[in-house]
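Peer 1: Everything below, folded, please.
(one chain, ligands or ions: 2)
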Amino acid sequence: MTRRHAWIDASAGIAGDMLLGALLDAGASLAAVQSAVDAVSGGQVRVRTREVTRAGLRALKAEVEPLTSSLPHRSWRDLRELLKNAGPATAVFRRLAEAEGRVHGIPADDVHFHEVGALDAIADVVGCCAALADLGVATVSAGPVALGSGSVRAQHGRLPVPAPAVAELAKGWQVSAGGDGELATPTGLALLRTFARACEPLPAMALDLVGVGAGTRDPAGHPNVVRVLIGAGEGSGVQPDPPSPERDAVLLEANVDDLDPRLWPGIIAALLERGASDAWLVPILMKKGRPAHTLSVLCAPELVDALRDQIFRDTSTLGVRHSPRGKVALERAFADVTVGDTRIPVKVAHRDGVIVQVMPEFEDVAALARRQQRPERLVLQEALAAAGVAGLVVGAPLPESLRPEQ
Ligand SMILES: O=C([S-])c1cc(C(=O)S)c[n+]([C@@H]2O[C@H](COP(=O)(O)O)[C@@H](O)[C@H]2O)c1
Ligand code: NI
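Peer 2: Residues are numbered from 1 along each chain as shown. Ligands and ions are numbered 1, 2, ... in the order given. Okay, here's the model as predicted:
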């Protein structure tokens, strides 16, 4: 089968509904999109399209009509459960949660989605993922993105444009202001950054589909649209972000021999809070026979600058080494098990459809143990036993309900 490449033109900005409109305009099946959205929303929203013009250009406007009046605020933890690790859609929201977490200075798990967690944003994300799959798109790249300027009214007041989460998500991409107002939204950027692995001009391809998706506003002067150009080709050859968490990582290291050891736990906690995927200390014997520690911090490439600054600020080191590291992580899914009258999330790591690790979330185990005034060891055993009853055991096939969507 021909491998299709999609190139996204976000030179006028990007939002989830604009990209969805463009993909539907290019020929993605509305029925396929609606059925993917139904699967996560329980039939609470309807996706519709209508033809509009933007500065004289015809475009398709994707509209998500809520069939319920409740617009719940969800944490990333809740949303992950709702999406049941729905492959790329989960990856898009994980990226959003990590960006929001960095902006608000909280762990990604505690991020409370407001606007971006509403049903229409979920429908945009799930819809775009389904549309790309329906079009047979194997690789994606995109041009530079216009982010906008000025300010925007959000649920919690006025935000500068680019909105903080947008700026965070845009790191490492070619951007410009490109006009007034909010031209790129967090959801739009998260979609683009999850799927498009290269920022490049239109690559060589045998073009066969073009889609134009409309934004809500119709400002004079430029068409407020996202375009997708789809054809047989590979783009720059890079693959879209796989649903499996295979990522480039960077290892930051510093040897320190003169820090009050009581400071280390706080330093490590702060690095993890800032987004490091791991941080640890190894005791070493340094030059001149001095006992010391190597601080090691593993992180995503886009966090290197911030975490290096933090190491210089919080420790007494005079230098921080950095080296690229390949990293292959097991795919993870989450399931709830019941211990007593409490639901405890269990992390299920899997590979090739087989369960490899089953780990109750320790913070939840510890919280329940404190509430019940019982040893953590026993609550942990009970959570593992409950997972076993639910069929979540090492070596067992991953249950259908936890499988990422392809
Ligand atoms: O609700 C929150 S915390 C929020 C944070 C941010 C940050 O940049 S931080 C931005 N916004 C605004 O909400 C809408 C969301 O648009 P989507 O298309 O992504 O759903 C947008 O105007 C953001 O600037 C909200
Ligand atoms: Ni925010």
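Peer 1: Tell me which residue is most central in the protein.
Peer 2: Arg95 (1.9 Å; C-alpha atoms, centre = their mean).
Peer 1: Remind me which helix or strand that residue belongs to.
Peer 2: helix 88-104 (DSSP states H and E).
Peer 1: So which residues of the protein form helices?
Peer 2: In the chain, the segments counted as helices under DSSP state H are 16-25, 30-41, 76-83, 88-104, 119-134, 164-170, 186-195, 264-273, 304-314, 362-372, 376-389.
Peer 1: May I ask which helix or strand of this structure has the lowest mean pLDDT?
Peer 2: The helix or strand of the chain with the poorest confidence is strand 74-75; it has a mean of 70 (mean pLDDT, DSSP states H and E).
Peer 1: coming back round to it: any idea how far the residue nearest to the centre of the chain lies from Ala254?
Peer 2: Remark: distance between Arg95 and Ala254 (C-beta to C-beta, to the nearest Å) = 28 Å. C-beta: built from backbone N, CA, C; applies to glycine.
Peer 1: try Arg102
Peer 2: Arg102 is 22 Å from Ala254, by C-beta to C-beta.
Peer 1: Compare neighbour counts for these two and give me the winner.
Peer 2: For the pair Arg102 and Ala254, the greater number of neighbours falls to Arg102 (22 against 19), based on other C-beta atoms under 10 Å.
Peer 1: can you pull out the strands in the stretch 151-300 of the chain?
Peer 2: Here the stretch 151-300 of the chain has its strands, by DSSP state E, counting those that start in this stretch, at 151-154, 157-160, 175-176, 181-182, 206-214, 225-232, 246-256, 278-285, 291-299.
Peer 1: Which one of those has the poorest average confidence?
Peer 2: Lowest mean pLDDT of the strands of the stretch 151-300 of the chain: strand 246-256, a mean of 83.
Peer 1: Each with direction, which strands does it pair with?
Peer 2: Here strand 246-256 is paired, per DSSP bridges, with strand 291-299 (antiparallel), strand 321-328 (antiparallel).
Peer 1: Redo those strands as TSV? Include mean neighbour count and distance to ligand 1.
Peer 2: Below are the strands paired with strand 246-256 laid out as TSV (neighbours: other C-beta atoms under 10 Å; distance: least, C-beta to the nearest ligand atom, whole Å):
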stretch	mean neighbour count	distance to ligand 1
strand 291-299	19	21
strand 321-328	12	27
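Peer 1: wait, which of these is closest to Gly211?
Peer 2: Nearest of those to Gly211, taken as C-beta to C-beta: strand 321-328 at 34.5 Å.
Peer 1: neighbours around the residue nearest to Ser75 when sequence neighbours are not counted, how many?
Peer 2: Spatial nearest neighbour of Ser75, chain neighbours left out: His112 (5.3 Å); criterion: C-beta to C-beta, 6 or more residues apart in numbering. Counted with other C-beta under 10 Å, residues neighbouring His112 total 16.
Peer 1: Does Gly326 touch Ala249 like I think?
Peer 2: Yes: Gly326 is within contact range of Ala249, at 7.3 Å (criterion: C-beta atoms under 8 Å).
Peer 1: so what are the domain limits for the protein?
Peer 2: With domains defined by automatic domain parsing, the chain comprises 4-232, 246-328, 331-404.
Peer 1: pLDDT wise, what is the residue sitting furthest away from the middle of the chain at?
Peer 2: Relative to the centre of the chain, and counting by C-alpha atoms, centre = their mean, the farthest-placed residue is Lys288 at 46.1 Å. pLDDT, Lys288: 89.
Peer 1: Up against ligand 1, what does this structure have?
Peer 2: 15-16, 100, 103, 114-116, 121, 152, 154-155, 159, 163-166, 182, 185-187 (C-beta under 6 Å from any ligand atom).
Peer 1: List the contacts of Leu259.
Peer 2: 293, 315-316 (C-beta atoms under 8 Å, 6 or more residues apart in numbering).
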